[in-house]
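Chemist: Kindly generate the corresponding structure for this input.
(one chain, ligands or ions: 1)
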Amino acid sequence: MSESANDRVGELVDGRYRLLALVGRGGMADVYRARDEVLGRTVAVKMMRAEAGVEFDDALRRHEMEAKIGAGVSHPGVVMVFDVQPSGDDPHLVMEFVPGKTLSRVLVDGPLEPRVVADLGAQLADALAAIHEAGVVHRDIKPSNAMLVEQGDGSYQVKLTDFGVSRYLEGTRLTSPDLLVGTARYLSPEQAVLDEVGPRADIYALGLVLLEALTGEEAFPGSRVETLSARLHRPPRIPADLGTGWALALGAMTRREPDERPDAAGAAAALRAVRDGGDVAAALTAAGVAVPDPEGDATVVGGTPVEDDPTVASPVAAAGAVAAGAAAGVLGADAAQAAQAGGEDTASAAETVAAETVAAETVAAETPASETVADDALAATPGAGTPGTDDPTEGGVAAASSEPSPWARRAPWIVVALVTLAAVAAVWLVLASVEDPTDPVDTPTPTVTTPTESEPTTVTTTDTTEPTDTATTPTTEPTTEPTTEPTTEPTTEPTTEPTTEPTTEPTTPPTTATTPPTTEPTDDGNALPPPTEPTVAGP
Ligand SMILES: Nc1ncnc2c1ncn2[C@@H]1O[C@H](COP(=O)(O)OP(=O)(O)OP(=O)(O)O)[C@@H](O)[C@H]1O
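Modeler: Purely as a prediction, here's the structure:
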């Protein structure tokens, strides 16, 4: 267990499986392409890892469960399990080798064509129908658990993997809702609140996965708590320009109430109808679920999906939602547990190591699109965190560099303040020298001096709303401005300038100028650790 993953290449496991290349790394296992020297075929060997943050016993249990379930379901859309060594020094699982990429890797290159997504979705729904039929709920449907094999005509064959947190159903529902398992971004609302979880949790997750494949954007971005709480408060936003078929299918699949979602077979039929331009509403009706109203459905948003989706506001909104949820007792312990799970995520679910052909593909596969947008600060930044960017900081830096600096933003107001000061000085001079009949006509010198002394008062007023560091700039400027302005301007400026400028301008700019400082620190303050997306299992 102590060897590095790559050091194991060449090893013979179980006296039978020659490890040829490391092709992927999950949260608890390394996956190798290997040669079964007895049967002479290529297989995938998943070797369990004992590392920080992973309870090895728990990992072993999951491993065994995965083997049992994988072996018990025979479907072309489900990765076949051949063999398992669930205990001992080197627990491992031997399965069908899939010569492809994960969907998360594919999405790094951008969203997919709607027709391709509909086809993928239908295949995945078929696979879900098979496992549900076998009495199993996957519970961790996400892009990195769907492996895609290119067919050469632009389409893919899909294989569902990773049954590590799957559970057998008891009757029609899974009981023991005591664990938060699965990947936060794709969890159903009932999983998020640790309610009973049944097969339709997988349908909800599939809906989010397909939406992400279409838009290139996560449906519920943000930190773990934000993403979990958002789905409790609103449906995912389905861009209107995807068309009515998608709005109907995804709207139904991602309903808050599990019973209102289609079952896997119904979802598959609806997705095929989307793909083929068929009657999606009829497919949903046949599946026994109400057809959403795409016109009046609040989940359908107009315009261009990516730009129009208020990703920028979502972290703030979600933070509010968390607060609201907590206040209403909606989240309670769930939020705390989710937060805890988030803290345990440092063992990334997904780093991949390069190795031979497939390895080159899986390197990025383990940096899925969903994870690249994970940083809350990025999510809060317009245009940042573009899916597919390996390094989340890139998006942040790019976004930051395109922002005007705080000084640049304040500059117009400083100029306005200075001009206003000059006007005030001029007005003061005129009022003092012209309107005040008691003033001696021949007292120009005090008139010039006094306003100069009084200027800082105006500047100070301005500065009370400006950041402290701006105070010095205005205080130096006025000392020169008034000495020239009043002496030249008094006869013309005073009659118009005084009545408006001093009363409105000086107060307005500072108010606006203070806005950036109050929001920017909030963004920083909201910044949470970049979440990764390993499968989580709460206590
Ligand atoms: N049968 C397979 N054939 C080829 N590559 C595979 C196969 N199974 C898994 N992989 C690769 O290995 C990676 C890790 O596998 P997997 O997701 O099953 O690990 P895990 O530790 O269970 O992950 P998780 O963090 O989701 O629990 C996958 O993302 C994929 O790239």
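
Chemist: Does Gln157 lie in a helix or a strand, and which?
Modeler: Using DSSP states H and E, Gln157 sits in strand 156-160.

Chemist: Please enumerate residues in contact with that strand?
Modeler: When contacts are taken as Cβ atoms under 8 Å, 6 or more residues apart in numbering, the neighbours of strand 156-160 outside the stretch itself are 76-79, 96, 98, 100, 103, 116, 119-120, 123-124, 127-128, 131, 138, 141, 145-151. Where C-beta positions appear, they are placed from N, C-alpha and C, glycine not excepted.

Chemist: cutoff 7 Å now
Modeler: Residues from elsewhere that reach strand 156-160, judged by Cβ atoms under 7 Å, 6 or more residues apart in numbering: 77-79, 98, 120, 123-124, 127, 138, 145-151.

Chemist: Check the residues you listed for the minimum pLDDT and say which it is.
Modeler: Per-residue confidence over those reaches its minimum at His138, where pLDDT is 88.

Chemist: quick revisit: so among the contacts of strand 156-160, which ones count as buried?
Modeler: For the contacts of strand 156-160, a burial check counting by 16 or more other Cβ atoms under 10 Å picks out 77-79, 98, 120, 123-124, 127, 138, 145-148.

Chemist: ok, of those residues, which one's closest to the ligand?
Modeler: For the ligand, the nearest member of the buried ones among the contacts of strand 156-160 is Val98. The distance, counting by Cβ to the nearest ligand atom, is 3.7 Å.

Chemist: hmm, back to that, so for the strand holding Gln157, mean pLDDT?
Modeler: For strand 156-160, the per-residue pLDDT averages 95.

Chemist: near the ligand at all, it?
Modeler: No: under the criterion of Cβ under 6 Å from any ligand atom, strand 156-160 makes no contact with the ligand; the nearest approach is 7.3 Å.

Chemist: can you put the buried ones among the contacts of strand 156-160 in JSON lines and add secondary structure and distance to the ligand?
Modeler: Output for these, formatted as JSON lines (DSSP: H, G, I helix; E, B strand; the rest coil; distance: Cβ to the nearest ligand atom, whole Å):
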{"residue": "Gly77", "secondary structure": "coil", "distance to the ligand": "13"}
{"residue": "Val78", "secondary structure": "strand", "distance to the ligand": "11"}
{"residue": "Val79", "secondary structure": "coil", "distance to the ligand": "5"}
{"residue": "Val98", "secondary structure": "coil", "distance to the ligand": "4"}
{"residue": "Leu120", "secondary structure": "helix", "distance to the ligand": "16"}
{"residue": "Gln123", "secondary structure": "helix", "distance to the ligand": "16"}
{"residue": "Leu124", "secondary structure": "helix", "distance to the ligand": "15"}
{"residue": "Ala127", "secondary structure": "helix", "distance to the ligand": "14"}
{"residue": "His138", "secondary structure": "coil", "distance to the ligand": "11"}
{"residue": "Asn145", "secondary structure": "helix", "distance to the ligand": "6"}
{"residue": "Ala146", "secondary structure": "strand", "distance to the ligand": "10"}
{"residue": "Met147", "secondary structure": "strand", "distance to the ligand": "6"}
{"residue": "Leu148", "secondary structure": "strand", "distance to the ligand": "11"}
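
Chemist: Nearest to Arg200, out of the residues you listed: which one, please.
Modeler: Sorting the buried ones among the contacts of strand 156-160 by distance to Arg200 puts His138 at the head of the list, at 11.6 Å, by Cβ to Cβ.

Chemist: Quick check, pLDDT for Thr449.
Modeler: Note for Thr449: predicted pLDDT of 32.

Chemist: count of neighbours near Leu22?
Modeler: Applying the criterion other Cβ atoms under 10 Å, we find 25 residues in the vicinity of Leu22.

Chemist: Could you pull out the buried residues of the strand holding Gln157?
Modeler: Taking 16+ other Cβ under 10 Å as the criterion, strand 156-160 shows Tyr156, Gln157, Val158, Lys159, Leu160 as buried.

Chemist: Ok, stretch 247-263 next?
Modeler: By neighbour count on 16+ other Cβ under 10 Å, the buried set for stretch 247-263 is 247-255, 258, 261-263.

Chemist: can you give me the end-to-end distance of that stretch?
Modeler: End-to-end distance of stretch 247-263: 17 Å, with Cα to Cα, to the nearest Å as the criterion.

Chemist: next one: stretch 269-284
Modeler: From the first residue to the last, stretch 269-284 extends over 8 Å; the measure is Cα to Cα.

Chemist: Go ahead and name everything in contact with it.
Modeler: Residues external to stretch 269-284 that are found in contact with it (Cβ under 7 Å, 6+ apart): 115, 118-119, 121-122, 125, 245-246, 248-249, 252, 262, 266, 286-287, 291.

Chemist: Restrict those residues to the buried ones and give me that as a PyMOL selection.
Modeler: Here is the PyMOL command that selects the buried residues among these (16+ other Cβ under 10 Å):
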select buried, resi 118+119+121+122+125+245+246+248+249+252+262+266+287
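
Chemist: Among the contacts of stretch 269-284, which one lies nearest to Arg231?
Modeler: Lowest distance from Arg231 to these (Cβ to Cβ) belongs to Ala252, with 15.6 Å.

Chemist: any idea which element that closest one lies in?
Modeler: helix 244-253.

Chemist: which parts of the following helix or strand past that helix are buried?
Modeler: Reading on from helix 244-253 to the C-terminus, the next helix or strand found by DSSP H and E is helix 264-276. By neighbour count with 16+ other Cβ under 10 Å, helix 264-276 contains the buried residues Ala264, Ala265, Gly266, Ala267, Ala268, Ala269, Ala270, Leu271, Arg272, Ala273, Val274, Arg275.

Chemist: between those, which is closest to the ligand?
Modeler: Ala264 (20.6 Å).

Chemist: Please name the residues that touch the closest one.
Modeler: When the contact criterion is Cβ under 7 Å, 6+ apart, the partners of Ala264 are Ala125, Leu128, Ala129, His132, Pro199, Ile203.

Chemist: right, and the second one touches Asp202 too?
Modeler: Spelled out, it's Leu128. Yes: Leu128 lies in contact with Asp202 (Cβ atoms under 7 Å); the separation is 5.1 Å.

Chemist: Which one of the two is surrounded by more residues?
Modeler: Counting neighbours by other Cβ under 10 Å for Leu128 and for Asp202 shows that Asp202 has the greater number, 33 against 29.

Chemist: Verify the contact between that one and Ile141 for me.
Modeler: Yes: assessed by Cβ under 7 Å, Asp202 is found in contact with Ile141 at 5.2 Å.

Chemist: which bits of the stretch 51-200 of the chain sit near the ligand?
Modeler: Residues of the stretch 51-200 of the chain lying near the ligand (Cβ under 6 Å from any ligand atom): Val79, Met95, Glu96, Phe97, Val98, Thr102, Ser144, Asn145, Thr161, Asp162, Gly164.

Chemist: separation between the first one and Ala264?
Modeler: Between Val79 and Ala264 the computed distance is 17 Å (Cβ to Cβ, to the nearest Å).

Chemist: Contacts made by the host helix or strand of Gly121 with the rest, please.
Modeler: Here Gly121 sits within helix 114-133, counting by DSSP H and E. Counting by Cβ under 7 Å, 6+ apart, helix 114-133 makes contact with 73, 75, 77-78, 138, 146, 154-156, 158, 160, 199, 202, 206, 210, 213-214, 242, 246, 264-265, 267-268, 271-272, 274-275, all of which sit outside it.

Chemist: tell me which residues of stretch 129-148 are tucked away?
Modeler: Counting neighbours by 16+ other Cβ under 10 Å, one finds that the buried residues in stretch 129-148 are 129-132, 135-148.

Chemist: now do stretch 276-288
Modeler: Across stretch 276-288, burial judged by 16+ other Cβ under 10 Å covers Val280, Ala281, Ala283, Leu284, Ala287.

Chemist: sorry, back to before: would you turn the buried ones among the contacts of strand 156-160 into a markdown table with distance to Ser188?
Modeler: Shown next, in a markdown table, are those (distance: Cβ to Cβ, whole Å):
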| residue | distance to Ser188 |
| --- | --- |
| Gly77 | 20 |
| Val78 | 20 |
| Val79 | 23 |
| Val98 | 26 |
| Leu120 | 20 |
| Gln123 | 20 |
| Leu124 | 15 |
| Ala127 | 17 |
| His138 | 11 |
| Asn145 | 15 |
| Ala146 | 17 |
| Met147 | 22 |
| Leu148 | 23 |
